[in-house]
Structure formats: structure tokens, C-alpha cells
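Novice: Mind looking at a prediction? Sequence and model below.
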Amino acid sequence: MRILLVEDDPSLASGIRLALKPEHYTVDHLADGAVALTALQGSEPFDAVILDLGLPGLDGMRVLEAVRRGGNRIPVLVLTARDAVDDRIAGLDAGADDYLVKPFEVAELKARLRALLRRSQGQASPMLECRGIRLDPASREVCYRGEVIPLSRREFTLLQEFMGHPGRVFTRDTLTRLVYGWEEDVESNAIEVHVHHLRRKLFPGLIRTVRGIGYVLDRAPQEAEA
């Protein structure tokens, strides 16, 4: 899952990124509200936003309002030191999906983010299940036919994207940005390598190649698997 973190406190932003990295999130960080709005109004594929309200350039509340006016339904978790009830109500009414007051425990941030992503995908259970595979975002465990399958961090992230959106065709470019974000140099065949490893560790027909476009995890087996 790819997260956009919008926070102008460099120490807090660094701490959040370090805390979320072991959870298999790809976290991109911006510190300016206006820049964040531009990113969210573009074609970047984010799964959720962690948004501070007290931002330079453009206040976080204005960012949130503009995002919702544009019809973007991306899940937004607001972080703020504004703990008055009226401030929390204003944030929720502006379109925030959840609200976390600073200072907060990292464990609560992780739990709220998992719940936010689960709700955005219409899932009552935290577990992702498809084609006999069971993926637990909390424990970061993948099981197939009762056996725990060890995956690398990148492989887990890629599989979670596919299982969270079965039937959706992802381009290679979209998958690269979801798995690696902005800040890493990526080999041109990186996604192909990860897909190959997932097919080998799980089963060959798990992820189907859509020629000239990218990859898809079908909800049910196809007659001809790529």
C-alpha cells in the first residue's frame, strides 16, 4: 500500500516513515500543503493520505476541502495538535475519514491506518482472501493451502495491492510507483522479477500478464493463464 504523508515536522515525518516501513507500506513524504494538493490532483496512485493540518504553503484543512471538491475519495487520516472538539468536527465535516491528535502512539496510528484502508476496500475483515491465498496485513503473514509462505517486503506489498483490487489491471508504471514510491532508483524489470517470484512461491497462474499493459490478479482462474 502506498501512503502519502503530508507533515512539515521533519522529526515526526521521519519517525512515521520508519514506523510504517516494517508494515510493508511505501511512504512518500511532502512537507508543503500546496505541493501535496498538486500531487493528489495528479495521476499518482496513492492508497491513503496521512495529513497534518498545520502546513506551510496551504493549510491542511484547505488541502482536504480541495481534494474532496475535486471528487477524490482517497482515505484521509488527519494528524493535528488542534484537539478542540470543534476542530475535530470541522475536519471530519471537511472530508477526513479519521482523526488522530498529537501526540499519539505509533501503534494506534498503525491500527487506524489499517482500519481506514480496510473500510476503503469495503472489507469487514482485516484479512484479504483470494484464490486460496490468505493475507493478514496486521501480522504481515501470507498463507496458501495452510502453509505460511515467506515473502520479501516488496513481494508482500505487491501481493497486497493485487489482492486488495482483484480484477483490476495494473500497468507496470503504476505498480512501480505503488511498490517503490518516488525516492528509489528502480531497475526496469523490477516488477517482472517480483511477479515471477510470487508465481513461483504461490502458483504460476496467480497473476496474469495483460499483454502490452501490465498485470492482473483475476478473481477466478482463467481458461488460459499467462
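Specialist: Received it, and whenever you're ready, just let me know what you need.

Novice: alpha carbons only for contacts and neighbour counts from here, please
Specialist: Noted.

Novice: Name the residues that touch the helix or strand of the chain at the bottom of the mean pLDDT ranking?
Specialist: Across the helices and strands of the chain, mean pLDDT, DSSP states H and E gives its lowest value to helix 85-93, namely a mean of 83. The set of residues that contact helix 85-93 without belonging to it, under Cα atoms under 8 Å, 6 or more residues apart in numbering, is 61, 78, 82, 98-99.

Novice: Buried only: go through those for me.
Specialist: Members of the contacts of helix 85-93 that pass the buried threshold by neighbour count (16 or more other Cα atoms under 10 Å) are listed as 61, 78, 98-99.

Novice: Taking those, tell me the two that lie furthest apart.
Specialist: Greatest spatial distance among the buried ones among the contacts of helix 85-93 (Cα to Cα): M61 and D98, at 13.3 Å.

Novice: Break this protein into its domains for me.
Specialist: As given by the TED database, the domain ranges for the chain are 2-121, 128-217.

Novice: tell me the average confidence for the last one?
Specialist: Model confidence over domain 128-217 averages 90 on the pLDDT scale.

Novice: tell me how far the ends of that domain are from each other?
Specialist: Using Cα to Cα, to the nearest Å, the span of domain 128-217 from its first residue to its last is 13 Å.

Novice: Going forward, count from 3.
Specialist: Okay, using 3 as the starting number, the last item reads as domain 130-219.

Novice: just how off-centre is it within its chain?
Specialist: Here domain 130-219 shows a centroid-to-chain-centroid distance of 13 Å under the convention Cα atoms, centre = their mean, to the nearest Å.

Novice: what's the answer for stretch 26-40, then?
Specialist: Relative to its chain's centre, stretch 26-40 lies at 12 Å (Cα atoms, centre = their mean).

Novice: in this structure, which spans are helices?
Specialist: For the chain, the helices defined by DSSP state H cover 12-22, 35-43, 62-71, 87-95, 108-122, 155-166, 174-182, 192-203.

Novice: Go through those and name the closest to G216.
Specialist: Once Cα to Cα is applied to the helices of the chain, the stretch that comes out nearest is helix 174-182, at 5.2 Å.

Novice: any idea of the angle that closest one forms with helix 155-166?
Specialist: Taking axes from the mean of the first three to the mean of the last three Cα atoms, to 10 degrees, helix 174-182 and helix 155-166 form an angle of 120 degrees between their directions.

Novice: Helix 174-182: which residues count as buried?
Specialist: Within helix 174-182, the residues that qualify as buried by neighbour count (16+ other Cα under 10 Å) are 174, 176-182.

Novice: Would you check that T159 makes contact with K23?
Specialist: No - here T159 does not reach K23: they are 10.7 Å apart, not a contact under Cα atoms under 8 Å.

Novice: and for the two, which residues touch both?
Specialist: By Cα under 8 Å, 6+ apart, no residue touches both T159 and K23.

Novice: on that earlier part again, which among the buried ones among the contacts of helix 87-95 gets closest to K203?
Specialist: Comparing the buried ones among the contacts of helix 87-95 against K203 with Cα to Cα picks out D100 as the nearest, at 36.5 Å.

Novice: Before I go, just wanted to say thanks for your time.
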